[in-house]
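heads up, no residue letters with this:
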């Protein structure tokens, strides 16, 4: 598992939402060795994570992919969901 990437992602998302205790990040191995990060936030916080026109989630994806690249991980996919 890639604990550093998960911790980085959790801290990034927790700084944006109203309910940081409800943020969960899970890692899955996808097809062709792609790492999938599943970010789960409370339903009320989805707007803050996605942002207007999807600009916030795009910036979050860029930061996470840059951090993953620095850790030597080239293939990563990020998905956001709510509960």
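Looks like it arrived, so ask away. The structure displayed is predicted, hence computed values, not measured ones.

could you pull out the helices for the protein?
Using DSSP state H, the helices of the chain run over 3-14, 46-50, 55-70.

how far is the second one from where the chain is centred?
To tie it back to what came earlier, the one meant is helix 46-50. Between the centre of helix 46-50 and the centre of its chain there are 12 Å (CA atoms, centre = their mean, to the nearest Å).

re the thing from before, the helices of the chain: which one's closest to residue 33?
The minimum distance between residue 33 and these falls on helix 55-70, with 12.9 Å, by CB to CB. The C-beta positions use only the backbone N, C-alpha and C, and glycine is treated the same way.

Reformat the helices of the chain as TSV; add mean pLDDT, mean neighbour count and distance to residue 25.
Conversion of these to TSV gives the following (pLDDT from 0 to 100; neighbours: other CB atoms under 10 Å; distance: least, CB to CB, whole Å):
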stretch	mean pLDDT	mean neighbour count	distance to residue 25
helix 3-14	96	16	5
helix 46-50	95	15	12
helix 55-70	96	14	10
